[in-house]
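S.K.: Pasting the sequence and the predicted model now:
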Amino acid sequence: MKIRKCDLCKCDISNESGASFKIVGIGDYDFCDECIKIVRKAVCKKCHGEGTVREVDDEASCAQATCGENRTQYRTVKCKCC
């Protein structure tokens, strides 16, 4: 049985949990379940590590539109990519 340690928090990782991956030319990485959330959020290209994104709110945009004037309204939602 191979004992893995998280590369961020240095805790032991059981065989059923965590994530291990290899980046060619750089090295092998092991992360526990708690740290993998941090890593995914930090490398997310959509939210840039913030965890939330702004998306167009069509209902609010239509409600604000008067006399041909259209102002796009946005809402902040949790990022679905990370």
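M.R.: Yes, it's here. Numbering: from 1, shown residues only.

S.K.: Can you get me a residue count around the residue nearest to Ala60 when sequence neighbours are not counted?
M.R.: Leaving aside its sequence neighbours, Ala60 sits nearest to Gln73 (C-beta to C-beta, 6 or more residues apart in numbering; 3.7 Å). Placement of C-beta: from N, CA and C, glycine included. Applying other C-beta atoms under 10 Å, we find 15 other residues in the vicinity of Gln73.

S.K.: Check the gap between Gln73 and Val56 for me.
M.R.: 7 Å (C-beta to C-beta, to the nearest Å).

S.K.: correct me, but the residue nearest to Ala60 touches Glu55?
M.R.: No: applying C-beta atoms under 8 Å as the test, Gln73 and Glu55 come out as separate, 10.3 Å apart.

S.K.: Just say helix, strand or coil for Ala63.
M.R.: Ala63 falls in the helix class when you classify it by DSSP: H, G, I helix; E, B strand; the rest coil.

S.K.: Roughly how far does it sit from Gly18?
M.R.: Taking C-beta to C-beta, one finds Ala63 at 46 Å from Gly18.

S.K.: where are the low-confidence patches of the protein?
M.R.: Applying pLDDT under 70 to the chain picks out residues 1, 41-42, 65-68.
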